[in-house]
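**Q** Mind looking at a prediction? Sequence and model below.
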Amino acid sequence: MLVLIALVVFAIVLFLPFVSDSWSDPWGRYLMFLVVLGVLLLVLVRLAMPREEERAVSEAAEIEIRAEEVETFMELAIQGQPYSQLNVYMELKHALLNRVRVRRNLSEDRWVYVLSNPNVLQRLVGDPELYRLTMLEDKGTVNLAQYQRLGVVIGDGFLERYEKLLRKVEQWS
C-alpha cells in the first residue's frame, strides 16, 4: 500500500508541469477530470472485489454447511422432531409438483392454471394419496392432528409413511 502511495505522489510530482499548463485549457481540464475519475473507479473496483483465495474459501464453506444441514435435517426427522418431519414432507410435496410439471411439459401459464384449480390438479396427479400430499401446507407443529387428514404421519410411524409416499412419488409418471 505504501508503494502505491509513493508511486502516486511520484506521478503527481512528475506531471506537475503538465497539470499547470493544462489547467488553463478547458479540454485539458476535462481530460484530467476523466483520468482522475478513471483511476478512482479502478481503485474502488479493486477494493470492492474479493481476493481469489477469499472467494475460494467462502464458496467451499458454503457448500460444506449446506451438505451438513441436509444430513442433520433428515436425521432430526428420523429421530422424531415434528418440525423436521413436516419439512421433509414439504420437500416431498415440492418434488412431486416439480415432477408433475416436468413430466406433463406444462408452460408457466398452464402450471399456474393447474395449481389454482384443485380438480385439474387432482385429475393430473391421479393418485388420491399423492393429491392429498399436494395440499400439505406448513401450519406449524402446534396441532399435529391437522396433518393426519392429508395422509401424512408426524411422530410415530413417520419413516414408514414417508418411505411409502416417496416410492409413490418416484413411480409417478
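**A** Sure thing, it's come through.

**Q** And the helices in the chain, which stretches?
**A** Counting by DSSP state H, the chain has helices at residues 2-14, 16-23, 26-48, 52-79, 82-103, 108-116, 118-125, 128-134, 158-171.

**Q** where among the ones you listed is the average confidence lowest?
**A** When the helices of the chain are compared by mean pLDDT, helix 52-79 comes last with a mean of 62.

**Q** Tell me which of the helices of the chain lies nearest to Tyr147.
**A** Closest of the helices of the chain to Tyr147 is helix 82-103, at 7.2 Å (criterion: C-beta to C-beta). In short, each C-beta sits where N, CA and C put it, glycine included.

**Q** how about the closest one: buried residues?
**A** Using 16 or more other C-beta atoms under 10 Å as the test for burial, helix 82-103 gives 82, 84-89, 92-93, 96-97, 99-101.

**Q** same question, stretch 131-138
**A** 131-134, 136.

**Q** Which of the helices of the chain sits closest to Ala145?
**A** helix 82-103 (11.6 Å).

**Q** Send over that closest one as CSV, restricted to the C-alpha atoms.
**A** Extracted in CSV, the C-alpha atoms of helix 82-103 (Å, rounded to 0.1, in the frame of the first residue of the first chain):
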residue,chain,number,x,y,z
PRO,A,82,-42.1,-32.9,14.3
TYR,A,83,-41.0,-29.7,12.5
SER,A,84,-38.2,-31.5,10.7
GLN,A,85,-40.7,-34.3,9.7
LEU,A,86,-43.1,-31.6,8.4
ASN,A,87,-40.3,-30.0,6.4
VAL,A,88,-39.3,-33.4,4.9
TYR,A,89,-42.9,-33.9,3.8
MET,A,90,-42.9,-30.4,2.3
GLU,A,91,-39.8,-31.2,0.3
LEU,A,92,-41.5,-34.3,-1.0
LYS,A,93,-44.5,-32.3,-2.0
HIS,A,94,-42.3,-29.9,-4.0
ALA,A,95,-40.5,-32.8,-5.6
LEU,A,96,-43.9,-34.2,-6.7
LEU,A,97,-45.1,-30.9,-8.1
ASN,A,98,-41.9,-30.4,-10.0
ARG,A,99,-42.2,-34.0,-11.4
VAL,A,100,-45.8,-33.3,-12.5
ARG,A,101,-44.8,-30.1,-14.2
VAL,A,102,-41.8,-31.6,-16.0
ARG,A,103,-43.4,-34.9,-17.0
